[in-house]
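**Student:** structure for this input, please:
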Amino acid sequence: MATARVVIYPPDEDGGRRVRIDGEILGRAYSVRDIAALMQNAGLQGFHEMDVVRATGIEWRGGGPDSWTH
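**Tutor:** Numbers count the residues shown, from 1 in each chain. So this is what the prediction gives:
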């Protein structure tokens with residue numbers, strides 16, 4: 001579903017994960033809902049929580065969508 005390159009970095013000490021889309025860090029997410037919002041704000045309309053969890057084009061580093069602790 002994603003046409004942009006999306007990378008979700010490992011959780012930091014606060015449980016936040018940096019979100020990078022097409023080489024630009026857009027912010028820090030604390031949940032899948034936050035990731036979906038950042039993606040929508042970046043113009044990837046139609047991404048909701050389940051879309052983020054199921055998308056094969058998202059590169060999860062340091063754990064998947066269920067990993068939010070350092």
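
**Student:** just list the residues touching the residue in the chain sticking out farthest from the centre, thanks.
**Tutor:** Distance to the chain centre peaks in the chain at E13, reaching 17.1 Å (criterion: C-alpha atoms, centre = their mean). For E13, the contact set (C-beta atoms under 8 Å, 6 or more residues apart in numbering) comprises H70. Just so you know, the C-beta spots here come from the backbone N, C-alpha and C atoms, and that holds for glycine as well.

**Student:** how would you label it: helix, strand or coil?
**Tutor:** coil (DSSP: H, G, I helix; E, B strand; the rest coil).

**Student:** for it, give me phi and psi.
**Tutor:** Per-residue torsions, E13: phi -60, psi -20 (degrees, to the nearest 10).

**Student:** so what pLDDT did it get?
**Tutor:** On the pLDDT scale, E13 is placed at 93.

**Student:** repeat that for M1.
**Tutor:** Listed pLDDT for M1 reads 48.

**Student:** next one: G16
**Tutor:** pLDDT recorded at G16 is 96.

**Student:** you'd agree it is up against Y30?
**Tutor:** Yes: with contact defined as C-beta atoms under 8 Å, G16 counts as touching Y30 (5.4 Å).

**Student:** higher neighbour count, those two?
**Tutor:** G16 (17 against 13; other C-beta atoms under 10 Å).

**Student:** which residue packs closest to the more buried one, ignoring adjacent ones?
**Tutor:** Leaving aside its sequence neighbours, G16 sits nearest to R28 (C-beta to C-beta, 6 or more residues apart in numbering; 3.9 Å).
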